[in-house]
Each structure stands twice: as C-alpha cells, then as structure tokens.
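**Q** The sequence and its predicted three-dimensional model are supplied below.
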Amino acid sequence: MATTINKQRQLTQLLALTRKSAETTAEERLVLEQFIYGLCRENATPEQADRAFNVLRERFFDWNEVRVSSTRELEEAFGALTDTEGRALRLVAFLQEVFEAEYGFSLDGLQKKGLKEAAKQLRRYQAANDYVVAWAVQRTLGGHAIPLDEPTLRCVRRLGLIDNNQEDLEHIRSSLEHLVPKAKGPAFTDIVSRLADEHCHEDEPHCSSCPLAGECATAHEIGVTVNGTAGRLARPKPR
C-alpha cells in the first residue's frame, strides 16, 4: 500500500508535467455545453474531445439540429473517438430530454441552485453517468470532483495514487479528491488523460518512455528502472 507521502510525491511529479506540455486555456462553457463536452471527453484526451465538440458546433446549425440528426451523422462528427454510436445515442437522448423539459436548450438555471441539487438534477438525465456529472461539477458548477473514466483509473492505479484493492468508484473519487487540491483538479484530469494516451496503454504500456517511470510503482514492479533521465530504461551492466 502506497503511503501518503509517496502519493504526494507522485502527484507533484504528475502535475509538473502540465508546465512542460502545450496547454491552452480551457474554454468556458455553460452547463448544457459542458455536459455535451463531457460526453466527448470520456475515454478521450482533451485534444480528441476538442475536435469532436468543435465539429458538432461547426457542422450543425444549433443543438436542435443535432437533436433531429441521424445517428450516422453524429457518429461521423465524433470521428476517431471510441463508441461513436453510443455517444451519438446518448447525445440525442440528452437533447431530447432537455427540449421536452425546458422547451429550449439551456440549463443555466442549475448554476443558481446549490451544488448538490444541481448535480442531482444532472444525474436524472438518461445520458448522464458518473463521469459526465463529475465533469460538469468540476468545470462549470464550481465543485471539487475528479471525473473517472477507464484511462484515468488505469493510470492512477498503476502510478499508485490509489490502492490496488480500491474498487468502489465513490471511494476512489473521495481518495483522489482528498489528495488533489481543488484548484489542481482540471490540470490533474487533463494530464492523466494525456499520460494514459501516450504511455500508459491498456496493453503493452510504454513505460520506458514515460516521464514518470522513475516514480511509478507499476514500472518498478515490471522491472523498468531509470538511470539519469526519467523515463529511459537503464542499460543493463555487462556481465
């Protein structure tokens, strides 16, 4: 079991990567658009989600046109994202529910409610899941929530930021939110997604090129050692 000190050291190393990556200022979005962006962002990097979301806004006149468009058209808009059909069906279902309840496409009233009530209302939508609600809470509603998708869970587990025996999603989120300061939540979410996409793959992770290999519990377990520059395998000594 990783100690709190080790987890804090890992977190410091992880967040340091945000200063080295080409970051852009996150676009401010209203609640409805943040929910839709969350549908794009789950199991994707920021760059992949940006491309899909921008295509939705540019290819269709407004959200009503998206609502009445075919699943195939929306799948094409999602491009290289995983499960494009599932995302398309959830997007149409969400917009339909909003339209029937609000006679339009705005959820701005949620920002006037308390955080718990706003999150509770978002969870009622058929298209909502744990990730999308946490995303909206973190990015628009001003709460401290860490969105957890498969790449994030894989990466934080391998890094030792959560214990291997932790399986309950609420317990995992609580542990990470206790570890990660609220102000660092968005940066943490984005850098973990990039790390998972570039290095911490499901199969055959690229530990030898990972900038966190020197501190990664899993890299140590599988025999990746670092000599000098972080992320480079140490050359074996000649026998």
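**A** Structure received.
**Q** Please identify the buried residues of the lengthiest helix in the chain?
**A** Longest among the helix segments of the chain by residue count, using DSSP state H, is helix 84-102. For helix 84-102, the buried set under the neighbour-count rule, 16 or more other C-beta atoms under 10 Å, comprises 84, 87, 88, 89, 90, 91, 92, 94, 95, 98. The way it works is simple: take the backbone N, C-alpha and C, and place the C-beta from them, glycine included.
**Q** ok, the first one to residue 91 distance?
**A** For residue 84, the distance to residue 91 (C-beta to C-beta, to the nearest Å) stands at 10 Å.
**Q** cool, residue 13 as well?
**A** Taking C-beta to C-beta, one finds residue 13 at 36 Å from residue 91.
**Q** got it, and residue 204?
**A** Counting by C-beta to C-beta, the separation of residue 204 from residue 91 is 32 Å.
**Q** which strands and helices sit next to the longest helix of the chain?
**A** If contacts are counted by 3 or more C-beta pairs under 8 Å, 6 or more residues apart in numbering; DSSP states H and E, helix 84-102 sits against helix 31-41, helix 63-67, helix 71-78.
**Q** lowest confidence element among the helices and strands of this protein?
**A** helix 217-221 (a mean of 80; mean pLDDT, DSSP states H and E).
**Q** Does residue 127 touch residue 91 like I think?
**A** Yes - the criterion here is C-beta atoms under 8 Å, and residue 127 meets it with residue 91 at 6.9 Å.
**Q** next structured bit after whichever strand or helix holds residue 133?
**A** Following DSSP states H and E, one finds residue 133 within helix 130-139. For helix 130-139, the following helix or strand on the C-terminal side (DSSP H and E) is helix 150-159.
**Q** Return the set of buried residues in that following helix.
**A** Buried residues in helix 150-159, counted by 16+ other C-beta under 10 Å: 151, 152, 153, 154, 155, 156, 157, 158, 159.
**Q** do the same with stretch 120-136
**A** Applying 16+ other C-beta under 10 Å to stretch 120-136 flags 121-122, 125, 127-136 as buried.
**Q** any chance of those residues in a markdown table, plus distance to residue 145?
**A** Below are the buried residues of stretch 120-136 laid out as a markdown table (distance: C-beta to C-beta, whole Å):
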| residue | distance to residue 145 |
| --- | --- |
| 121 | 15 |
| 122 | 11 |
| 125 | 17 |
| 127 | 18 |
| 128 | 13 |
| 129 | 13 |
| 130 | 10 |
| 131 | 10 |
| 132 | 11 |
| 133 | 8 |
| 134 | 4 |
| 135 | 8 |
| 136 | 9 |
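**Q** In JSON lines: those residues, plus pLDDT and distance to residue 33.
**A** Converted to JSON lines, these look like this (pLDDT from 0 to 100; distance: C-beta to C-beta, whole Å):
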{"residue": "121", "pLDDT": "97", "distance to residue 33": "16"}
{"residue": "122", "pLDDT": "97", "distance to residue 33": "13"}
{"residue": "125", "pLDDT": "98", "distance to residue 33": "14"}
{"residue": "127", "pLDDT": "97", "distance to residue 33": "14"}
{"residue": "128", "pLDDT": "98", "distance to residue 33": "15"}
{"residue": "129", "pLDDT": "97", "distance to residue 33": "17"}
{"residue": "130", "pLDDT": "97", "distance to residue 33": "20"}
{"residue": "131", "pLDDT": "98", "distance to residue 33": "16"}
{"residue": "132", "pLDDT": "98", "distance to residue 33": "12"}
{"residue": "133", "pLDDT": "98", "distance to residue 33": "15"}
{"residue": "134", "pLDDT": "97", "distance to residue 33": "16"}
{"residue": "135", "pLDDT": "98", "distance to residue 33": "11"}
{"residue": "136", "pLDDT": "97", "distance to residue 33": "10"}
